[in-house]
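> can't give you the sequence, but here's the structure:
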C-alpha cells in the first residue's frame, strides 16, 4: 500500500512541477527587428511613408525597425521592446509627421512613440497592439506571431485636427499595419555573480509537497 501511495504521490509531484515549468522565463532582448507591413491603402489616401533613423524600407509596404533592447517572455510575447533611433515619416500633400523611438508594450497592448511635426513634439500611445489570433486583424498570414496596429483615438485626432486636416483618412480604430517580431535574446542575469534566472517554488507548491511527505511518513509508521 505504501509503495502504491508513494508512486501516485511521486507522479503527482512530477506532473505539478512539469506544468509549473512551462511558463517561459523572462529574457533580455539584445537586438532583432520589428517589421511593419502596412495594411492601410496608402495610395488611396495619397500617403507616402519614408524610414527614419536606422529604419529601412526594403519594400514599399514593409518597414524594418531595428530592435535595440527590451525585456520579454516568449510564446506569446509579454513585456516590452524598444526601437530607439528608428521610426517613420507619414507625408500627406506636403505635410509631414514623424513617429520615432517606437516602444511595443505587449502587456498593455499599446505602441508608444515620439511624434513631431514642426514645432509640435510629444510622446503618446499611438496604436493599440492586438495579437492576430484574436481574429481582429486583416491580412494576417501567421496569426499566432503577428500583431495588428490599430490607430488610437487620441492619435487619430492629432493626425486630423493638428496636422493633416479632416478627411485625411486616419480614423480612430483603423488598422494601419501588421507587426512581426524577430528578436535576439539572452537569459536574464541577476545578483552580483550573474547567472540565468530560474523559477522559485511558490509557497503553495512547498505546502503541497510537505503535506504529501507527512502523509507518507504517517503511512510508513503504521506499516511498521
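Sure thing, it's come through. Not measured: the values here are computed from a predicted model.
> Ramachandran coordinates for residue 76?
The phi/psi pair for residue 76 (degrees, to the nearest 10) reads phi -80, psi 170.
> Skipping its backbone neighbours, what lies nearest it in space?
Spatial nearest neighbour of residue 76, excluding adjacent residues (Cβ to Cβ, 6 or more residues apart in numbering): residue 131 at 6.5 Å. Every C-beta, even on glycine, is put in place using the N, C-alpha and C of the backbone.
> give me every residue that touches the one you found.
Going by Cβ atoms under 8 Å, 6 or more residues apart in numbering, residue 131 touches 76, 143, 146, 147.
> Most neighbours among those residues, which one?
residue 147 (29 neighbours; other Cβ atoms under 10 Å).
> Can you tell me which helices and strands the strand ranked longest in the chain packs against?
Using DSSP state E, we find that the single longest strand of the chain is strand 78-92. When contacts are defined as 3 or more Cβ pairs under 8 Å, 6 or more residues apart in numbering; DSSP states H and E, strand 78-92 packs onto strand 26-38, strand 47-53, strand 62-66, strand 69-73, strand 95-105.
> pLDDT score assigned to the closest residue to residue 99 other than its chain neighbours?
Leaving aside its sequence neighbours, residue 99 sits nearest to residue 113 (Cβ to Cβ, 6+ apart; 4.4 Å). Note for residue 113: predicted pLDDT of 97.
> Residues in contact with the host helix or strand of residue 113: which ones?
Secondary structure assignment for residue 113, by DSSP states H and E: strand 110-117. With Cβ under 8 Å, 6+ apart as the contact definition, strand 110-117 has outside contacts at 87, 95-105, 121-129, 149, 152, 155, 158, 162-163.
> Also stretch 50-60?
Contact with stretch 50-60 is made by 49, 63-66, 83, 85-89, 91, 98-100, as judged by Cβ under 8 Å, 6+ apart.
> Give me the buried positions along it.
In terms of neighbour count (16 or more other Cβ atoms under 10 Å), stretch 50-60 has its buried residues at 51, 52, 53, 55.
> what do you get for stretch 29-44?
In stretch 29-44, counting by 16+ other Cβ under 10 Å, buried: 29, 32, 33, 34, 35, 36, 37, 38, 39, 40, 42.
> Would you mind checking the average pLDDT for it?
93.
> Repeat that for stretch 160-171.
So the average pLDDT for stretch 160-171 ends up being 63.
> Quick check: residue 67 touching residue 35?
No - judged on Cβ atoms under 8 Å, residue 67 makes no contact with residue 35 at a distance of 10.3 Å.
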